[in-house]
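how would this look folded up:
(chains A and B)
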Amino acid sequence: MLLQAKNVSHFFGGLCAVSDFDLEIEEGELVGLIGPNGAGKTTVFNLITGVYRASRGNILFKGTELVGKTSNQITDLGIARTFQNIRLFKDLSVLDNVRVAQYAQVGYTPWEALFHIGRYLPEENRLIDQAMQLLAVFKLENYADEQAINLPYGQQRRLEIARALATHPSLLLLDEPAAGMNPNEILQLMEFIGWIRKEFHLTILLIEHQMRLVMGICERIKVLDFGATIAEGVPEAIQNNPKVLEAYLGVGGEA
Amino acid sequence: MTTIPAEKKWLSQLQSLYDSILGRRWLLPVLLVLGLILSFAIPQFNLVNQYIQLILIYVGINIILTTSLNLINGYMGEFSVGHAGFMAVGAYISSILTTQVLPDAWLAWSFPLVVIAGGLGAALIGLVVAIPSFKTRGDYLAIVTLAFLMIVKSVIENIDAIGGPRGIPGIARLTTLPWTYFWTVAAVWVIRNLIYSRFGRGVLSIREDEIASDLMSVNTRQVKLLAFVISSFFAGVAGALFAHVLQFISPRVFDIIKSTDILIMVYLGGIGSLMGSILGATIYTVLLEVLRPLGMWRMVLMPLVLVLLMIYRPRGILGMREFRWFVPLQDLLGARQWRKKKEASDAAAS
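Sure, this is the predicted structure:
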């Protein structure tokens, strides 16, 4: 078991954003998390990554309790994520966006950094090399010195995934990776997600509204509505689940 | 019609001259050594008069203050108004050492240690002020630093042993031009080194998006502590130098006006730029002196200049842009060199 969430609940004041959420992900799986707007999907991501601290319940990653840990500790354990609305470091260069994410992999102390002595230079060169290799995988190496904000939308999305991978995760959380993409781009993205999954040995949990993508690549899907899990299973079963149809289309729908 | 191409030619010539100078990075160490020699020669042979020497010392001190505040306000994107408080701590610790603790005979050789002591004292306080920054940001942190400044001032005012509100008079004039030069170069160099390291990239990412930065494995607490400690250390150093050139300090010297002065220099020169801070501190200090004959009107003119600057160049003279010589080579050329190497190896493979 790579990730195990047990009875996780989260309240914003009196509002229950997530209630008794259970999730089990095995190593190597690709799991989808869907649900109507406001169902609590992103909150689940925020709970896993330590942006919020769960009001109740446990989240175990490789057997380690995540509730109560800071975001950077959780990232160090091997969980990385992207954001629904792209959150790149806009004024930094593309290369620096990736290098920020290498923070925990640098082997020099503050003293070595302050005087640029010892391991500083060899380590910096090693990091640039690694970061450039990663950028090349995402076909971004020629934009390394550009400001991130100046990249076109699709490349910003890719850079965000590259930045997440620079932390060397084993579990990748993708928050609506296909947002704002046309059907053609979605097809490419599906291929791409499958490829990085193999290439980087990733387990992936993704939130997505584009059913074509979710049904196309996820092996297992979990459906949330108003913070509660209403269905879970393989894509075919989810597609025909009356509760899911009700959540998306409302009661008494013709479908 | 004929004047325009001529002008353009002249401009492009100037541009290419500037570029060719920028290409010669070895000039930087040469200029630094030249500056060091000058800093000894000027007081030795009285190359310029005492008044101008004094202004040079103030320019140096202000560069230290501006670059160190830029680390917090410009690079990290917080808003600290407490810089004068750190300066006060450094000034008081060093002045107490030279006026009350150390025997007069020791002063000349122990001055560098006294300055370091002032810096370390301020750094220790900086460590404490960094802790609220874990939880608060922006306007709220500004209020916290404002409160810190008030606390420092009233603590000093209420300790009679260090002069209370009357301050400490009769401080020996130990700040010399060479020492000012040394500390100015040291401050800019160390802060530049910090910025071009993993910690510096952490500092920048906190400015850009703190939550994303934390999620990208940056230990934001460690980074904030380091930034505050380094920034307040150099504020303390500047305070120590300042006290030993002014020869008199009192709590009133280190009030919010002093903090405001430093803030103005930071935003005038440009946030997130070391060369900007150097320019900002130099221009502001020199301009205030040049405009001295205007008397009261200089305090009308200066703010007016600032208002215009904020309207037409809101990021300051060099906001977010760095002088090429200050950027380490691997940062400047790393990506390009990697691409070249790859092209070469690809060509060899095919």
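
what does chain B put close to chain A?
Within chain B, the positions near chain A by CB under 8 Å from any CB of the partner chain are B:190, B:193-194, B:196-202, B:204-205, B:207-209, B:211-221, B:226, B:230, B:320, B:328, B:330, B:334-336, B:338-339, B:342. (Each C-beta comes from the backbone N, C-alpha and C, glycine too.)

so where's the stretch 101-250 of chain B shaky on pLDDT?
Scanning the stretch 101-250 of chain B for pLDDT under 70 picks out nothing.

rewinding a little: now the residues of chain B next to chain A: which count as buried?
B:190, B:193-194, B:196-202, B:204-205, B:207-209, B:212-220, B:226, B:230, B:328, B:330, B:334-335, B:338 (16 or more other CB atoms under 10 Å in any protein chain shown).

now do residue A:168 against residue A:79, distance only.
When CB to CB, to the nearest Å is the yardstick, residue A:168 and residue A:79 sit 11 Å from each other.

cool, residue A:174 as well?
On the measure of CB to CB, residue A:174 and residue A:79 end up 12 Å apart.

next one: residue B:37
Distance, residue B:37 to residue A:79, by CB to CB: 56 Å.

of these two, give the one with the bigger neighbour count.
Neighbour comparison, residue B:37 and residue A:79: the larger count goes to residue A:79, with 27 against 11 (by other CB atoms under 10 Å in any protein chain shown).

contacting residues for the more buried one?
Residues near residue A:79 by CB atoms under 8 Å, 6 or more residues apart in numbering or on different chains: A:48-49, A:61, A:169-173.

do you know how far residue A:102 is from chain B?
Distance, residue A:102 to chain B, using CB to the nearest CB, to the nearest Å: 7 Å.

how about residue A:42?
13 Å.

narrow the residues of chain B next to chain A to those in helices?
Members of the residues of chain B next to chain A lying in helices (criterion: DSSP state H): B:190, B:193-194, B:198-202, B:204-205, B:207-208, B:211-215, B:220-221, B:226, B:230, B:330, B:334-336, B:338-339, B:342.

where does the stretch 251-350 of chain B get nearest to chain A, which residue?
residue B:335 (3.6 Å; CB to the nearest CB).

what helix or strand is residue B:228 located in?
helix B:220-246 (DSSP states H and E).

give me the buried positions along the helix or strand just after that helix.
Going down the chain from helix B:220-246, the next helix or strand is helix B:256-269, by DSSP H and E. Buried residues in helix B:256-269, defined by neighbour count with 16+ other CB under 10 Å: B:256, B:258-259, B:261-269.

same question for stretch A:116-130.
A:116, A:120, A:123-124, A:127-128, A:130.

circling back to that earlier point, I'd like the contacts of residue A:79 written out as a markdown table, with pLDDT, distance to residue B:247 and neighbour count added.
Output for these, formatted as a markdown table (pLDDT from 0 to 100; distance: CB to CB, whole Å; neighbours: other CB atoms under 10 Å in any protein chain shown):
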| residue | pLDDT | distance to residue B:247 | neighbour count |
| --- | --- | --- | --- |
| A:48 | 96 | 60 | 24 |
| A:49 | 96 | 55 | 22 |
| A:61 | 96 | 61 | 21 |
| A:169 | 96 | 59 | 22 |
| A:170 | 95 | 63 | 18 |
| A:171 | 96 | 63 | 21 |
| A:172 | 96 | 62 | 25 |
| A:173 | 96 | 61 | 25 |
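
filter the residues you listed by proximity to chain B?
residue A:49.

ok, the contacts of residue A:79 vs chain B, which is closest?
Lowest distance from chain B to the contacts of residue A:79 (CB to the nearest CB) belongs to residue A:49, with 5.8 Å.

from the centroid of the chain, which residue is nearest?
No chain was given, so I picked chain A. Taking CA atoms, centre = their mean, the centroid of chain A lies closest to residue A:173, which sits 2.1 Å from it.

the chain in question should be chain B.
With CA atoms, centre = their mean applied to chain B, the nearest residue to centre is residue B:67, 2.1 Å.

contacting residues for that residue?
Counted by CB under 8 Å, 6+ apart, residue B:67 has contacts B:187-188, B:191, B:234, B:274, B:277-278, B:281.

do the same with residue B:121
With contact taken as CB under 8 Å, 6+ apart, residue B:121 is in contact with B:89-90, B:93, B:236.

for the chain, what spans make up the helices?
In the absence of a named chain, chain A is used. Using DSSP H, helices in chain A cover A:41-48, A:71-77, A:94-100, A:110-115, A:120-137, A:153-165, A:183-199, A:211-217, A:235-239, A:242-249.

chain B was what I was after
Going by DSSP H, chain B shows helices at B:3-22, B:27-45, B:50-70, B:83-96, B:107-130, B:138-158, B:177-195, B:198-208, B:210-215, B:220-246, B:256-269, B:274-290, B:298-312, B:329-349.

report the buried residues of the third one.
This points to helix B:50-70. Buried, per 16+ other CB under 10 Å, within helix B:50-70: B:53, B:55-70.

quick one: it to helix B:107-130, angle?
30 degrees (axes from the mean of the first three to the mean of the last three CA atoms, to 10 degrees).

just the angle between helix B:50-70 and helix B:256-269, please?
Going by the same axes, to 10 degrees, helix B:50-70 makes 80 degrees with helix B:256-269.

run the angle between helix B:50-70 and helix B:177-195 for me.
20 degrees.

in the stretch 151-255 of chain A, what residue is nearest chain B?
At 4.7 Å from chain B, residue A:167 is the closest residue in the stretch 151-255 of chain A, using CB to the nearest CB.
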